[in-house]
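Novice: Fold the following and give me the result.
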Amino acid sequence: MSERLVVVGGGAAGFFAAIAAAEANPQAQVYLLEKSAQFLGKVRISGGGRCNVTHACFDPRDLTDYYPRGGQELLGPFSRFACGDTMEWFEDRGVSLKVEEDGRVFPVTDDSQTIIDCLLSMAESAGVRFELHSGLKNLVPQPDGTWSLALESGRIIEADRVLLAPGSSKKIWDVLAELGHQIVPPIPSLFTFNVRDPRIEDLSGISLANVRVTVPVGGLETEGPMLITHWGLSGPAVLKMSAFGARWMANCDHRFTIYVNWTPQFSTDELLDELNALRKDVNHQRKRVRSNALFGIPLRLWQSLAAFARIPDAANWSDLSKPQLRKWAEVLTESAFNVVGKSTNKDEFVTSGGVALEEVSFTTMQSRLHPGLYFAGELLDIDALTGGFNFQAAWTTGWIAGHAMAGAPI
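Specialist: Residues are numbered from 1 along each chain as shown. Below you'll find the predicted structure:
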């Protein structure tokens, strides 16, 4: 009698796992259960509907740097299946991909439906059996090593092995806790900072190519682009900090102070020397300070910061005293902002937390507590920065788990 393999969760990780299992063991009956009315919902909306498939980062060790949680554990899996393998997998199956300037990888069509159609087609060709409206209610190990799955509909399914890839699911986490698994409490990751401050009021939409953001008390520092929004501060520098500092920030109820260096190429003393040189430069000293933005800072933000530093409207560079220059340097390199909350980044739905990683074998993605039970994707305490990295974790863990549950570990 052929084995029955059940994958719970019809997202990226679940589909990749089901395809891998069905292709690795054609004699097995592979079932893919999804609680909602459609498969691959998150794939459909990701990247603004374009689907950021992965990232052009081809060194496994470099790749792990983009994972605030799970990077160390993923080093081995990434050595077996990582970004280049994902790109090859889709391209071998007729999906043309492109690498954008920032390293993100998208289908040439710029349409997530291209990825969805590919996954559906490959799953159908491999013989995967689909079931929608099939949410898991309970999971019970049997004395003979098999599993009994109770669905929300009341139906019972028996399985030789089970792979869970439902994403961030409190219901499934509760089921696993009943089975003895430790669940790291879920908290948001990848969020923007709510800041109410007159210096950035009415400056929504202004972006900067590079700033440095620090939270000394939390030991956090990031550098990169920043965007001023109507609710505060966003952009890659902020999102990266929110990811790496997610648990610390949650413990602070998302209320803390950040320091922004608008001129990250300078320390305060280095910038003071630069400003002094400008004050003495005959080609610059007669220019109005507020009217001539420098260091890549947009003019409206420059003027707002100058007002905060109490630089007079009509002051030329040569008019500034040493105390004024010192204050101006401090404002440009050490602007303090009080964060009073968070907002979810609209393009990402990422949660930190999930199944504790020490309870999972990353060689097979199998539970260390229950043989025959496998995990993939965001159900685990793994999360990443924006740029296709969360999908890559889904592809990698799904690929490895799918092969392992099919009896063909890679």
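Novice: Helices of the chain, start to end?
Specialist: With DSSP state H, the ranges of helices along the chain come out as 12-24, 41-49, 60-64, 71-80, 83-92, 112-126, 170-178, 236-244, 246-251, 268-280, 299-308, 322-333, 389-405.
Novice: out of those helices, nearest to residue 134?
Specialist: helix 12-24 (11.8 Å; C-beta to C-beta). Bear in mind the C-beta positions are built from the backbone N, C-alpha and C, glycine included.
Novice: Return the list of helices and strands in contact with the closest one.
Specialist: strand 4-8, strand 29-33, helix 112-126, strand 161-164, helix 389-405 (3 or more C-beta pairs under 8 Å, 6 or more residues apart in numbering; DSSP states H and E).
Novice: tell me the angle the longest one makes with helix 112-126.
Specialist: With axes from the mean of the first three to the mean of the last three C-alpha atoms, to 10 degrees as the criterion, the two stretches helix 389-405 and helix 112-126 enclose an angle of 0 degrees.
Novice: One more: the second one?
Specialist: Orientation check (the same axes, to 10 degrees): strand 29-33 against helix 112-126 gives 150 degrees.
Novice: How far does strand 29-33 sit from its chain's centre?
Specialist: 28 Å (C-alpha atoms, centre = their mean, to the nearest Å).
Novice: Quick one: list the elements packing against it.
Specialist: strand 4-8, helix 12-24, strand 129-131, strand 156-159.
Novice: any chance of the ones you listed in JSON lines, plus distance to residue 169 and mean neighbour count?
Specialist: Formatted as JSON lines, these follow (distance: least, C-beta to C-beta, whole Å; neighbours: other C-beta atoms under 10 Å):
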{"stretch": "strand 4-8", "distance to residue 169": "9", "mean neighbour count": "27"}
{"stretch": "helix 12-24", "distance to residue 169": "12", "mean neighbour count": "29"}
{"stretch": "strand 129-131", "distance to residue 169": "17", "mean neighbour count": "16"}
{"stretch": "strand 156-159", "distance to residue 169": "18", "mean neighbour count": "16"}
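Novice: about what we covered before: in TSV, list the helices and strands packed on helix 12-24 along with distance to residue 222 and mean pLDDT.
Specialist: Shown next, in TSV, are these (distance: least, C-beta to C-beta, whole Å; pLDDT from 0 to 100):
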stretch	distance to residue 222	mean pLDDT
strand 4-8	36	98
strand 29-33	38	98
helix 112-126	29	98
strand 161-164	33	98
helix 389-405	15	98
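Novice: thinking again about what came up before, which stretch among the helices of the chain comes nearest residue 144?
Specialist: Taking the helices of the chain one by one with C-beta to C-beta, helix 389-405 is closest: 16.9 Å.
Novice: Next, work out how far apart residue 10 and residue 374 are.
Specialist: 16 Å (C-beta to C-beta, to the nearest Å).
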